[in-house]
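Novice: Here's a sequence, model it:
(2 chains)
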Amino acid sequence: MAKLKVPVGPADHSQGPADAPVTLVEYGDYECSHCGRAYPIVKALQKKFGKQLRFVFRNFPLREIHPHAEAAAETAEFAANHGKFWDMHDLIFENQSSLSEQMLVELAHRLTLDRQVLRDALKSGTFAERVQGDFASGVRSGVNGTPTFFINSERHDGDFELETLLQAIQKGIHNDK
Amino acid sequence: MSNVLSAGTPAPDFTLHVTPDQVLSLKELRGRPVILAFYPADWSPVCGDQMALYNEILPEFHRFNAELMGISVDGVWCHAAFSRDRKLHFPLLADFEPKGAVSKFYGAFRDGDGVSERALFVIDKKGAITWSYISPIAVNPGADGILEALESLPK
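Specialist: Okay, here's the model as predicted:
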């Protein structure tokens, strides 16, 4: 069973309490259609479990097959630097079908972030190292496609339908007691 | 479940087509570590399929000077189309004729299904298998095991 090799820490983007009985980590790619489909499922899980669930998103851009995945990941990290990671994360997934660098810049503008600063950051790869760090930790942990989920550090090998994840998380909560 | 060749076994040599007019023998790669990734079929319908994933991870394998090769029973033209579509930067070998012969040598063939297992082998620079793993057919094994095996090779 593959396990999360880099524990969730302060550098991660997380939602929900640090002491929640279940931590769900997603390695995802903003241009991956499966991740796009998982996006509302994760939202539904968060709604259902409330404070019992901590959700963490880590970047795993498949750059060879998704030409905008890296720029999207770096844009989310750029927004994170301004305390707006999750706003950007959500906006990108909600506009996934029209992903482009131009669109990412417009999304930044919508979040009152400076368009030119983002353009420069993308050009110089300011956030590339951060994204690569996520990617490398995913590789080490046995990420086997996108999205890959880890529930309390164990890779979830089932599908990512709502019902399957619901049950897996419920089991995690139960085991925590 | 087939009887997969395990660590310590010399890796059986083979010669397979890598493109329609080019063949590759395992022994040509002696002197550097080799990763053999047997997989059931080209064109599995997901974004991050096993070969596409390894393609992204290739730089990590190259840090160990390791050569990665995918092997399935698909023919050369199928591999060529798949490789182009996924922009793969490593060779795919066609274990096509006689079908699955190399997979069978390695204990990585599924008789009833007529396809290769999801089986991974790390072979050291002298040609001995140092690590092998068969994943459940529906589970893409990822690359963590391969990297650990490469790390534990003598420098």
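Novice: Please identify which helix or strand holds the residue nearest the centre of chain B.
Specialist: Among the residues of chain B, B:Ala37 comes closest to the average C-alpha position under CA atoms, centre = their mean, at 2.1 Å. In the assignment (DSSP states H and E), B:Ala37 maps to strand B:34-38.
Novice: rewinding a little: ok, the residue nearest to the centre of chain B touching B:Glu67?
Specialist: No - counting by CB atoms under 8 Å, B:Ala37 does not reach B:Glu67; the two are 11.3 Å apart. From N, CA and C alone the C-beta is placed, and that goes for glycine too.
Novice: So which residues on chain A come close to chain B?
Specialist: A:2, A:5, A:29, A:32-34, A:60, A:62-66, A:135-136, A:139-146, A:155, A:157 (CB under 8 Å from any CB of the partner chain).
Novice: in the chain, what spans have low per-residue confidence?
Specialist: I went with chain A, as the question did not name one. Low-confidence regions of chain A, defined here as pLDDT under 70, do not occur.
Novice: Please refer instead to chain B.
Specialist: Using pLDDT under 70 as the threshold, the predicted model of chain B has low-confidence ranges B:1-2, B:45-48.
Novice: what ranges do the strands span in it?
Specialist: With DSSP state E as the criterion, chain B has strands at B:15-19, B:22-25, B:34-38, B:67-72, B:92-94, B:109-110, B:115-116, B:118-123, B:129-135.
Novice: where's the residue of chain A found nearest chain B relative to B:Gln22, distance?
Specialist: Among the residues of chain A, A:Gly145 lies nearest to chain B; the distance is 3.2 Å by CB to the nearest CB. Shown here: A:Gly145 relative to B:Gln22, a distance of 30 Å by CB to CB, to the nearest Å.
Novice: between the two, which one's more packed in?
Specialist: For A:Gly145 versus B:Gln22, neighbours defined as other CB atoms under 10 Å in any protein chain shown are more numerous around A:Gly145 (21 against 9).
Novice: Now do the same for the more buried one: helix, strand or coil?
Specialist: Assigned state for A:Gly145: coil (three-state reduction, DSSP: H, G, I helix; E, B strand; the rest coil).
Novice: Run through the neighbouring helices and strands of the longest helix along chain B.
Specialist: Secondary structure of chain B read by DSSP state H shows that its longest helix is helix B:50-62. Counting contacts by 3 or more CB pairs under 8 Å, 6 or more residues apart in numbering or on different chains; DSSP states H and E, the secondary-structure elements packed against helix B:50-62 are helix A:128-140, strand B:34-38, strand B:67-72, helix B:76-86, helix B:144-151.
Novice: Could you check that helix and say which residues are buried?
Specialist: Using 16 or more other CB atoms under 10 Å in any protein chain shown as the burial criterion, the residues of helix B:50-62 that qualify are B:50-58, B:60-61.
Novice: Could you do stretch A:83-98 as well?
Specialist: Neighbour-count burial for stretch A:83-98, with 16+ other CB under 10 Å as criterion, is recorded at A:84-89, A:91-93, A:95-96.
Novice: contacting residues around A:Ala76?
Specialist: Applying CB atoms under 8 Å, 6 or more residues apart in numbering or on different chains, one finds that A:Ala76 lies in contact with A:30, A:59, A:85, A:88-89, A:92.
Novice: Can I get the residues you listed in a markdown table including secondary structure and distance to B:Glu151?
Specialist: As requested, the contacts of A:Ala76 are arranged in a markdown table below (DSSP: H, G, I helix; E, B strand; the rest coil; distance: CB to CB, whole Å):
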| residue | secondary structure | distance to B:Glu151 |
| --- | --- | --- |
| A:Tyr30 | coil | 31 |
| A:Asn59 | strand | 24 |
| A:Phe85 | helix | 32 |
| A:Met88 | helix | 36 |
| A:His89 | helix | 33 |
| A:Ile92 | helix | 35 |
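Novice: Can you tell me which of these is nearest B:Gly75?
Specialist: Looking at the contacts of A:Ala76 and their distance to B:Gly75, the nearest is A:Tyr30, at 35.2 Å (CB to CB).
Novice: Helix or strand: which one has the closest residue to the closest one other than its chain neighbours?
Specialist: Ranked by CB to CB, 6 or more residues apart in numbering or on different chains and with sequence neighbours excluded, the top spatial neighbour of A:Tyr30 is A:Ala72, at 3.6 Å. For A:Ala72, the enclosing helix or strand under DSSP H and E is helix A:69-81.
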